[in-house]
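[1] below are the sequence and a predicted model for it; my questions follow.
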Amino acid sequence: MFRLWGRIRWILRGFKRMCLFLARFWDDRYYTQRDMDRWKALGAKIGKDVQIQHLKVDERFARLLEIDDEANIAEGTNILLHDSSLNNLFGEECPVKFGKVRIGKAAYIGRNAVILCGVRIGDYALVGAGAVVTADVPDYGVAVGVPAKIVGDTRDLKEKQKKQIENQEGSPYRFLRIKRWHERHKIMTNDEVEEIYQGFFDKVGW
Ligand SMILES: CC(C)(COP(=O)(O)OP(=O)(O)OC[C@H]1O[C@@H](n2cnc3c(N)ncnc32)[C@H](O)[C@@H]1OP(=O)(O)O)[C@@H](O)C(=O)NCCC(=O)NCCS
């Protein structure tokens, strides 16, 4: 009986994998589904419409990880749920430290960030690329650097960007107005990529 149930589950899992594999051809959101299924299976709490790309987490302690709805974790991010550094140096005198990591609703974690155990990243907060986050980031906080410091508010960054868009004369940047990742089927269509290229290469030279 148990063996039959095991077989059925094995077949269903295979079917799900095949569907996810095929789904990625028409909807980019399934790119990251396998990563998320993996962390969920290990006990992490992951909300709706979350995007995770190649996240590194302490697998055995994945239950200490909570990611709220619509959070977005860019490639190469490293989340630590424990710290055994002192224990490795001094043994039982210094126990291994553990701490939950909580990523708030719609928070954005930039590429290659490192988040240490016990840290909460607030709702709508932003962690800059390459930051090492050692302390909580408040809701709407912008944290950058090593160790990360709070340098602003995402609502102010939004206003700053609006001004950049109004005055692009001499700017090294071009902008593409699209919906958020989870509200689209494709991260960017080929036409949109082409539109961006046009912005850079419609003139000869730089
Ligand atoms: C944090 C971030 C949003 C700031 O954007 P911004 O306000 O336009 O940044 P600016 O270039 O105007 O920099 C503002 C200041 O923050 C510093 N800064 C910006 N990003 C930083 C980072 N990741 N680490 C350390 N310092 C950073 C700049 O050096 C500058 O400092 P200064 O005022 O002393 O000169 C952006 O730099 C970032 O890291 N975005 C994440 C990108 C990413 O990982 N994308 C993944 C693929 S989508």
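    That came through, no problem.
[2] which residues touch the residue nearest to residue 98 when sequence neighbours are not counted?
    Spatial nearest neighbour of residue 98, chain neighbours left out: residue 82 (4.8 Å); criterion: C-beta to C-beta, 6 or more residues apart in numbering. From N, CA and C alone the C-beta is placed, and that goes for glycine too. Contact analysis of residue 82 by C-beta atoms under 8 Å, 6 or more residues apart in numbering lists 58, 61, 64, 96-99, 117.
[3] show me this structure divided up by domain.
    1-30, 33-153 (automatic domain parsing).
[4] just those domains: most buried one?
    domain 33-153 (a mean of 18; mean count of other C-beta atoms under 10 Å).
[5] list the contacts for residue 101?
    Residue 101 neighbours (C-beta under 8 Å, 6+ apart): 64-66, 79-81, 115, 117-121.
[6] what's opposite it in the beta bridge?
    According to DSSP bridges, the partner residues bridging residue 101 are residue 65.
[7] what's the spacing between it and residue 181?
    From residue 101 over to residue 181 the distance is 21 Å, taken as C-beta to C-beta, to the nearest Å.
[8] then residue 13?
    26 Å.
[9] now the residue nearest to residue 98: phi and psi?
    The phi/psi pair for residue 82 (degrees, to the nearest 10) reads phi -150, psi 170.
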